[in-house]
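Asks: Just the structure for this:
(2 chains)
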Protein chains: 2
Amino acid sequence: MTTPSPAPLAFDLDGTLSRRAQSMTASAIREILKVTQQPDVISFAGGLPAPELFPLDEVRAASNRVLDVYGPAALQYSTTEGHAPLREWIGAQAGIPARNVQIVTGSQQGLDLLGKVLIDEGDVVLVEAPTYLGALQSFQPYLPRYVQVPTDDGGIDVDALEEVLKTTRAKLLYAVPNFQNPTGRTLSAERRRRLVELTAQHGVLLIEDDPYGQLRFTGEAAPSLYSLGLDLHGDADRNHVIYSSSFSKTLVPGLRDAWVQAAAPIINKLIQAKQGADLHTPTFNQMIIAELVDSVLPRQIERVRQAYGERARLMLERIHADFPAGVQSTTPEGGMFLWLTLPQGVDTQALLPRAVARKVAYVPGSPFYALGGGENTMRLSYSNATHEQITRGIHALGDTLREALNGD
Amino acid sequence: MTTPSPAPLAFDLDGTLSRRAQSMTASAIREILKVTQQPDVISFAGGLPAPELFPLDEVRAASNRVLDVYGPAALQYSTTEGHAPLREWIGAQAGIPARNVQIVTGSQQGLDLLGKVLIDEGDVVLVEAPTYLGALQSFQPYLPRYVQVPTDDGGIDVDALEEVLKTTRAKLLYAVPNFQNPTGRTLSAERRRRLVELTAQHGVLLIEDDPYGQLRFTGEAAPSLYSLGLDLHGDADRNHVIYSSSFSKTLVPGLRDAWVQAAAPIINKLIQAKQGADLHTPTFNQMIIAELVDSVLPRQIERVRQAYGERARLMLERIHADFPAGVQSTTPEGGMFLWLTLPQGVDTQALLPRAVARKVAYVPGSPFYALGGGENTMRLSYSNATHEQITRGIHALGDTLREALNGD
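Replies: Numbers count the residues shown, from 1 in each chain, chains lettered A, B, ... in the order given. You can find the predicted model right below:
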């Protein structure tokens, strides 16, 4: 036996990190949330579903039923692809075979696995400006090069995209076409068709991230990019559109059940990647969700739609009443978010402490831009606030903005 | 609106895969399991815990209690680091602060995240020969270069390791010191000290994967590599040993609850990587496990130990009685596996169909070698077989081996 070293060894643990780890940063939003989580602050900063709407009793009953029906199999290892009845249900909804459906542990995992199997270092990933911050975080470890595509109130500007595609060899385009996080904007039906065709013509994969699509409270639904891809290619195994969605916003997020729909060459690699990533999504949780999709999900969606619709309408009404001129808001038709654009020169990051001092919080818009920008923007979430909080919070935010615009 | 293209577009979906995706393969074991899952085949091939031992009623009670106590918070998003009471309990067991504990979605995810934050393409990863196949699968997407370290019945050959370290600049060494998967071997106490010191001296991180350590049914426990690293460095935030374990083998696998213990520079990057990988491990599942760790886990471990000990002893007894001369078996002191070495020239992969014809299955040993080898070896699992299956299955396997050794 050797003698232990006399003194602890100096070991440069920081020096052991991979290049990709060095490129990762803590989520700007999570850091901001810590600041804004004082109990007396009205927070429009988080992106949380309303917990008081969760079907708690139904989840309890489903948990017990799953243990009754499946016994120990509900707690055993299971297949990487996912619980067969759940995959079949999802496939039937989309009009595709279950084998084109991969269950994932939250749609965040779907994005991570897609990054893993698709992105080589330096590959160009096209993103909306602004885009979902979580997608940037999932893709970042694979060291892509981001190129931003301009957006307006109708979503991605497809004319601008066409110009980008003429000069840029891109691997994939990532889009949230329904009630986008962070802007609440929705891509118009006409632009959807052009987006699917343009990306197909240029050999660019199209990832459609759609966690909110079911939560439309006004206006008319447009076809999914995925379904347009199916129409174009005529076969789920040739579709260049990859679809990602989740039960987090319609049922509950804490079970982490989501899915990806993709063509065989991609889904087969996703399965292999998931074997190495977490073997499978928890068996019990998938079975619970499968118990709820027919009996509870439809009325739950109705309930959430109605509540969020009321909250969004109230927030917009109060914004129009309380905010100074020169502040523009998007008008979401569904989902959980709206987006404010302030006059140029106002820095919402710098403004946040003054808002928090007035007991209201938001997320500054800049972190949602892959390449920077949007310093004069902010995201507000109405999904997890009472009517009273919305009224008071928007009033306080109006005061903060007025103060800022008056140059105090 | 543009006119849809007249014909479906040819889109080379296979050509969109990343280099790392091209390096991935389906788990050889999962493919083998499909072949061996005929209902009348006695399978020693899988690595499943015994489901009849699962504490089903206790999980049911805990699920209901969690929903009573936490309400909707049990189904809401939660922190990336993990459920605080569970992290505190794990930290207390290891004598470290909770902040050095990251909850992960199965220890497979811990290995994936460690690969992500540590391994750059071409980095040398030292592995036992043979080693846990799942670790190779987790690390592979990060494109390491594997170097094998010889092992014998006492685990890693530390003298051979010392020679390797003299000529090889390695990033990390991955080891399963207790009842290793696949061999069932345990690293001796003396070698543990040298392993920890050698790796520290050479600036090589040491990942200790310990899913089975609690399942010792004979012999005496040796200190964990992690605790020896703590002794050496005197501080959890300077420990070069990273510890990974799980509730999958002691409680149930289907909830996917596991953890990693590591120094701050590494744990902080794991948190960031996990934000992008799945945001957090399911809230509900972590709370269920936290309900069980004091009340159920200790007696559950006793129960599993006793059952697996009986199964292992019976399997060894039947091997000695029924197998032809020239077949060597390891003698596990715990865990779920033992390892057979046949005379040189016998190919266990080629032999498998003949075993399945005799209604018994195993896993050929070769896939457990990062760089190939072990064609004359196989892994047997006794954890999920009845005494009657063990007796009949080993008899049938003995006949298969005798036939092979007689050159049929």
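
Asks: A:V164 is in contact with A:V124, isn't it?
Replies: No. The criterion here is CB atoms under 8 Å, and A:V164 misses it with A:V124 at 9.4 Å. Where you see a C-beta, it was placed from the backbone N, CA and C, and this is true even at glycine.

Asks: any residues in contact with both of the two?
Replies: Taking CB atoms under 8 Å, 6 or more residues apart in numbering or on different chains as the contact criterion, the common neighbours of A:V164 and A:V124 are A:147, A:170.

Asks: Can you tell me what sits against stretch A:58-74?
Replies: Counting by CB under 8 Å, 6+ apart, stretch A:58-74 makes contact with A:252, A:255, A:283-284, A:287-288, A:291-292, A:295-296, B:51-52, B:54, B:56, B:59-60, B:63-64, B:67, B:75, B:254, all of which sit outside it.

Asks: Can I get the buried part of those residues as one ChimeraX selection?
Replies: In ChimeraX, a selection of the buried entries from these looks like this (16 or more other CB atoms under 10 Å in any protein chain shown):
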select /A:252,255,283,284,287,288,291,292,296 /B:51,54,56,59,60,63,67,75,254
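
Asks: hey, where'd the strands end up in chain A?
Replies: When assigned using DSSP state E, the strands of chain A occupy the ranges A:42-43, A:101-104, A:124-129, A:145-152, A:155-156, A:172-175, A:205-209, A:241-246, A:258-261, A:328-329, A:337-341, A:360-361, A:363-364, A:377-381.

Asks: For the stretch 251-400 of chain A, which residues are neighbours of chain B?
Replies: Counting by CB under 8 Å from any CB of the partner chain, the stretch 251-400 of chain A comes close to chain B at A:252-256, A:263, A:265-266, A:269, A:271-273, A:275-285.

Asks: Local confidence estimate at the nearest residue to A:Q148 once chain neighbours are set aside?
Replies: Across the structure, with CB to CB, 6 or more residues apart in numbering or on different chains as the measure, the residue nearest A:Q148 apart from its sequence neighbours is A:A129 (3.8 Å). Looking at A:A129, its pLDDT stands at 96.

Asks: Please list all residues in contact with A:A129.
Replies: Under the criterion of CB under 8 Å, 6+ apart, the contact partners of A:A129 comprise A:148-151, A:369-371, A:373-374.

Asks: change it to 10 Å
Replies: Contacts of A:A129 were listed using CB atoms under 10 Å, 6 or more residues apart in numbering or on different chains, and they are A:146-151, A:156-157, A:160, A:368-374.

Asks: For it, give its distance to A:P141.
Replies: 21 Å (CB to CB, to the nearest Å).

Asks: about what we covered before: how about the strands of chain A, which one is nearest B:I390?
Replies: Among those, strand A:101-104 comes nearest to B:I390, with 34.0 Å by CB to CB.

Asks: how about the closest one, does it reach chain B?
Replies: Yes. Strand A:101-104 lies within reach of chain B by CB under 10 Å from any CB of the partner chain, at A:V104.

Asks: just checking, what packs against that strand?
Replies: Under the contact criterion of 3 or more CB pairs under 10 Å, 6 or more residues apart in numbering or on different chains; DSSP states H and E, strand A:101-104 touches helix A:84-94, helix A:107-118, strand A:241-246, strand A:258-261, helix A:264-278, helix A:283-295.

Asks: Can you get me the centre-to-centre distance for the first one and its chain?
Replies: In terms of CA atoms, centre = their mean, to the nearest Å, the gap separating the centre of helix A:84-94 from the centre of its chain is 22 Å.

Asks: same deal with the last one?
Replies: Taking CA atoms, centre = their mean, the mean C-alpha location of helix A:283-295 is offset from the chain mean by 22 Å.

Asks: just the CA coordinates of it, formatted as PDB?
Replies: Only the C-alpha atoms of helix A:283-295 are listed here, as PDB (Å, rounded to 0.1, in the frame of the first residue of the first chain):
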ATOM      1  CA  THR A 283     -42.500   4.600 -17.400                       C
ATOM      2  CA  PHE A 284     -44.900   5.600 -14.600                       C
ATOM      3  CA  ASN A 285     -45.300   9.200 -16.000                       C
ATOM      4  CA  GLN A 286     -45.900   8.100 -19.600                       C
ATOM      5  CA  MET A 287     -48.600   5.700 -18.300                       C
ATOM      6  CA  ILE A 288     -50.300   8.500 -16.300                       C
ATOM      7  CA  ILE A 289     -50.400  10.800 -19.300                       C
ATOM      8  CA  ALA A 290     -51.700   8.000 -21.500                       C
ATOM      9  CA  GLU A 291     -54.600   7.500 -18.900                       C
ATOM     10  CA  LEU A 292     -55.500  11.200 -19.300                       C
ATOM     11  CA  VAL A 293     -55.300  12.000 -23.000                       C
ATOM     12  CA  ASP A 294     -58.800  10.900 -23.800                       C
ATOM     13  CA  SER A 295     -60.700  11.400 -20.500                       C
END
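
Asks: buried stuff in the longest helix belonging to chain A?
Replies: Identified as the longest helix of chain A according to DSSP state H is helix A:297-322. Buried residues in helix A:297-322, counted by 16+ other CB under 10 Å: A:297, A:300-301, A:304-305, A:307-309, A:311-312, A:314-316, A:318-319, A:322.

Asks: Tell me, how many residues neighbour the closest residue to A:I271 other than its chain neighbours?
Replies: In this structure, A:I271 finds its nearest non-sequential neighbour in A:T80, 5.3 Å apart by CB to CB, 6+ apart. Applying other CB atoms under 10 Å in any protein chain shown, we find 22 residues neighbouring A:T80.

Asks: any idea how far A:R87 is from A:T80?
Replies: For A:T80, the distance to A:R87 equals 11 Å [CB to CB].

Asks: separation between A:F179 and chain B?
Replies: The spacing between A:F179 and chain B, counted by CB to the nearest CB, to the nearest Å, is 18 Å.

Asks: Burial check on A:F44, number of neighbours?
Replies: By other CB under 10 Å, the residues close to A:F44 number 28.

Asks: same question, A:V69
Replies: With neighbours defined by other CB under 10 Å, the count for A:V69 comes to 11.

Asks: ok, now the one 10 residues further on?
Replies: The number of residues packed around A:T79, counting by other CB under 10 Å, is 14.

Asks: check contacts around it.
Replies: A:87, A:103, A:271, A:279-280, A:283, B:30.

Asks: just so I know, which of the helices and strands packed on strand A:101-104 lies nearest B:L198?
Replies: Shortest distance between B:L198 and those, using CB to CB, is found for helix A:264-278: 28.1 Å.

Asks: ok and the closest one relative to strand A:205-209, angle-wise?
Replies: In this structure, helix A:264-278 runs at an angle of 60 degrees to strand A:205-209, with axes from the mean of the first three to the mean of the last three CA atoms, to 10 degrees as the basis.
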